[in-house]
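S.K.: Next one to model:
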Amino acid sequence: MSHLIRLSILLVSLAAAASAEAADIRQVMTEYQANPAAFKDKYFGKTISVSGAVSAVYSDYVSLGDPRLFVVNCEAANPAQLRSLTTGAQVTVTGTVYNMLAGTGVGLRPCSVQ
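M.R.: As a prediction, this is how the structure comes out:
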């Protein structure tokens, strides 16, 4: 049964990646900080792909960006994807915007890492 769940998550992630709007983390940060309300209207509940450098890796999520400025937290649909990541690695994360972190970032979930 767990194989079916993993396959379903993978298929959902692939479908989301195919329809996601792509951006560099600097673009996301600039747009968010310029007008958080407009950012929320445009992206909240929508799937986006963000490229950037890994700043931290945890058991169930990865952060991109500079924690002093702006981060994108990716809550992994498959935490096993995170095991091989290292700080500084360039990755693209794809997930649905579900959280805005008081001017310092956004949260994506479920999220995949490429």
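S.K.: just for this structure, where's the confidence low?
M.R.: Low-confidence segments of the chain, defined by pLDDT under 70: 1-19.
S.K.: SS state for the residue most central in space within it?
M.R.: The C-alpha lying nearest the average C-alpha coordinate of the chain belongs to C74 (CA atoms, centre = their mean; 3.8 Å). Of the three states, C74 takes strand according to DSSP: H, G, I helix; E, B strand; the rest coil.
S.K.: Please name the residues that touch it.
M.R.: C74 makes contact with 61-64, 93, 95, 108-109, 111, 113 under the criterion CB atoms under 8 Å, 6 or more residues apart in numbering. To be clear about C-beta, it is placed using only N, CA and C from the backbone, and glycine gets the same treatment.
S.K.: and what of N73?
M.R.: Counting by CB under 8 Å, 6+ apart, N73 makes contact with 61-63, 99, 101, 105-108.
S.K.: Now it: closest residue in space that isn't a chain neighbour?
M.R.: What sits nearest to N73 in space, not counting adjacent residues and going by CB to CB, 6 or more residues apart in numbering, is G107, at 4.7 Å.
S.K.: Tell me the spacing between the residue nearest to the centre of the chain and Y98.
M.R.: 11 Å (CB to CB, to the nearest Å).
S.K.: which residues in the chain form helices?
M.R.: 2-19, 25-34, 36-43 (DSSP state H).
S.K.: If you count neighbours, what's buried in the shortest one?
M.R.: Okay, so that is helix 36-43. Residues of helix 36-43 classed as buried by neighbour count (16 or more other CB atoms under 10 Å): 39, 43.
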